[in-house]
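Colleague: Take a look and give me a structure for this.
(chains A and B)
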Number of protein chains: 2
Amino acid sequence: MHSPSSTSEVSRPFLTWQRILDWAQEHYRYRTFTKDERIPARPGLLYLVQRGAIRLVGTAQITATTSSSAAKAMRLSPEEAFLGFVGAGQPFEIVAQSPFTLQAYAHVDQTSVVWMYWHDLDNWPHFRREVFDAFRYQHQRKLLWLSTLGQRRTIDRLLGFLTLLIEEFGEPYENGYCLPFPLTHAQIGSAIGSTRVTVTRLMGKLRQKGLIRTQGDNLLCLPISTLGSNNNN
Amino acid sequence: MHSPSSTSEVSRPFLTWQRILDWAQEHYRYRTFTKDERIPARPGLLYLVQRGAIRLVGTAQITATTSSSAAKAMRLSPEEAFLGFVGAGQPFEIVAQSPFTLQAYAHVDQTSVVWMYWHDLDNWPHFRREVFDAFRYQHQRKLLWLSTLGQRRTIDRLLGFLTLLIEEFGEPYENGYCLPFPLTHAQIGSAIGSTRVTVTRLMGKLRQKGLIRTQGDNLLCLPISTLGSNNNN
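Modeller: All right, here's what the predicted structure looks like:
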């Protein structure tokens, strides 16, 4: 289900990856996290997901509201936005640009991460190129993501968002593709500028129309027909 | 006003850039566009902005609406989302991933673009690294952009969006920074999932609060105080 330009397969030539893993363990640059544990990632370092999946989350401490009650609410719970997953074999990095903060969390149990300085990549010049290609690919996906977030109707943003996510991370299941891990309605809402309540309501609508399905333990699925019909639009 | 990690200055070592320009002109890979002219960019090629600025626009032909009137409206005018600028010295590329389409337009008159195949970069290995770093930087900026689009209140998304844009492309002017080229309210709306009418109304509010300013021929400005206060949040 990966797009042709996906680099997630080619970026994991087994031998190089094994050598990096050995190097990381030897230098204590390897750690395994439990579900929802925060990765203590710092700007300026490069992180590689070896196993599991990372959830990137952004916080925008910017508000046009000056009333004290709203400001108080902000301080109590700044809005966290879900910015996407980083799957096994993929790199990620953290940016700090006030008033924005990025954070990475293990999205599933047993998520393992390797980290290094950028200059450490000099040891594996071919791999460096793959890391850069992977970031290029991630950038392209974010442009598509922004395309769908520009849509005015929340239900269109929701369907576009789910399509992109399942296209990239979905695994084949019966007549469609499913996300291999759960994503809450609150997380989805935080990605598309909506609320948990609205997402729950619109997910119901999409389900009624047969555009999405839910599988087993709350896994999100797109039937082939949804992907197909939108592709042929 | 560029952030410390900006690569737009360092990515233009004058000699390499001049050599690339000579090469591009010699190989007919150089063209100048007028304002709002579409760049006939294709996926798989690399584009460099030599002068002026590019406006990236995405179209999401995905909709949860099945009623014929809405479908007709879609066909008449698919929603175009403003995805950002690419300034002089910066690379860009186009992705095609149905049902999404990306397009590039000259945002100002006299915008010049160089294009090449990726393997042409082999001629300038140092420059290749700079191109990749520039894409990494653009990716980081898009993550921040997504952080602000996750905010529920439209006015917060609007202020966050303007802050990011002016931080990156703004030029110093009196007590603040201004975008050096105009951006319509419809374009802003298309970026933050809102409408021209709502943007006009909210811009009025932000102006009243002194959080933004408009300069001369409709140029958007942020007073230092806005950048400062949000930075200190």
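
Colleague: For residue A:191, which non-adjacent residue is closest in space?
Modeller: residue A:82 (4.2 Å; Cβ to Cβ, 6 or more residues apart in numbering or on different chains). (Each C-beta comes from the backbone N, C-alpha and C, glycine too.)

Colleague: any low-confidence regions in chain A?
Modeller: Residue ranges of chain A with pLDDT under 70: A:1-14, A:65-78, A:228-233.

Colleague: 50 - rerun?
Modeller: Applying pLDDT under 50 to chain A flags residues A:1-11, A:68, A:71-76, A:230-233.

Colleague: Break it into its domains for me.
Modeller: If you go by automatic domain parsing, the domain ranges for chain A are A:1-135, A:150-233.

Colleague: hey, where'd the helices end up in chain A?
Modeller: Using DSSP state H, the helices of chain A run over A:14-26, A:68-76, A:125-149, A:154-169, A:185-192, A:196-208, A:224-231.

Colleague: okay, now residue A:30: neighbour count?
Modeller: Counted by other Cβ atoms under 10 Å in any protein chain shown, the residues lying close to residue A:30 total 18.

Colleague: next one: the one 4 residues further on
Modeller: Residue A:34 has 11 neighbours, counted by other Cβ under 10 Å.

Colleague: residues contacting it?
Modeller: A:106, A:109-110 (Cβ atoms under 8 Å, 6 or more residues apart in numbering or on different chains).

Colleague: Run the chain-centre distance for stretch A:102-119.
Modeller: Relative to its chain's centre, stretch A:102-119 lies at 12 Å (Cα atoms, centre = their mean, to the nearest Å).

Colleague: what number of residues lie near the residue nearest to residue A:222 when sequence neighbours are not counted?
Modeller: With sequence-adjacent residues excluded and distances taken as Cβ to Cβ, 6+ apart, residue A:222 is closest to residue A:166, at 4.8 Å. When neighbours are defined as other Cβ under 10 Å, residue A:166 has 23 of them.

Colleague: pretty sure residue A:166 contacts residue A:220?
Modeller: Yes - counting by Cβ atoms under 8 Å, residue A:166 does reach residue A:220; the two are 6.6 Å apart.

Colleague: Which neighbours do those two have in common?
Modeller: A:178-179.

Colleague: what does stretch A:112-120 rub up against?
Modeller: A:20-21, A:24, A:29-33, A:39, A:41, A:44-52, A:54, A:106.

Colleague: who's in contact with residue A:52?
Modeller: The contact partners of residue A:52, taken as Cβ under 8 Å, 6+ apart, are A:33, A:88, A:106-112.

Colleague: ok, of those residues, which come out buried?
Modeller: Among these, those scoring as buried are A:33, A:106-108, A:111-112 (criterion: 16 or more other Cβ atoms under 10 Å in any protein chain shown).

Colleague: Nearest to chain B, out of these: which one, please.
Modeller: Nearest to chain B out of these is residue A:107 (Cβ to the nearest Cβ; 16.3 Å).

Colleague: hey, what's the residue nearest to that closest one when sequence neighbours are not counted bridged with?
Modeller: In space, and not counting its chain neighbours, residue A:107 is closest to residue A:55: 4.0 Å by Cβ to Cβ, 6+ apart. Beta-bridge pairing for residue A:55 (DSSP bridges): residue A:85, residue A:105.

Colleague: again, but for residue A:30
Modeller: The partner residues for residue A:30, given DSSP bridges, come to residue A:114.

Colleague: wait, it sits on residue A:50?
Modeller: Yes - in this structure, residue A:30 is within contact of residue A:50 by Cβ under 8 Å, at 7.4 Å.

Colleague: what is in contact with the two at once?
Modeller: A:21, A:112-114.

Colleague: top of those residues by neighbour count?
Modeller: Busiest of the shared contacts of residue A:30 and residue A:50 [other Cβ under 10 Å] is residue A:113, holding 24 neighbours.

Colleague: State the distance from that one to chain B.
Modeller: Remark: distance between residue A:113 and chain B (Cβ to the nearest Cβ, to the nearest Å) = 18 Å.

Colleague: now swap in residue A:156 and tell me
Modeller: With Cβ to the nearest Cβ as the criterion, residue A:156 and chain B are 5 Å apart.

Colleague: repeat for residue A:152
Modeller: As judged by Cβ to the nearest Cβ, residue A:152 and chain B stand 6 Å apart.

Colleague: and which of the contacts of residue A:52 is nearest to residue B:207?
Modeller: Distance to residue B:207, by Cβ to Cβ, is smallest for residue A:107 among these, at 41.0 Å.

Colleague: Leaving out the residues flanking it, which one is nearest to residue A:213?
Modeller: In space, residue A:213 is closest to residue A:221, 4.3 Å off (Cβ to Cβ, 6+ apart).

Colleague: who's in contact with that neighbour?
Modeller: A:166, A:170, A:173, A:176-179, A:212-215.

Colleague: My guess is residue A:84 contacts residue A:142. True?
Modeller: Yes - Residue A:84 is within contact range of residue A:142, at 7.5 Å (criterion: Cβ under 8 Å).
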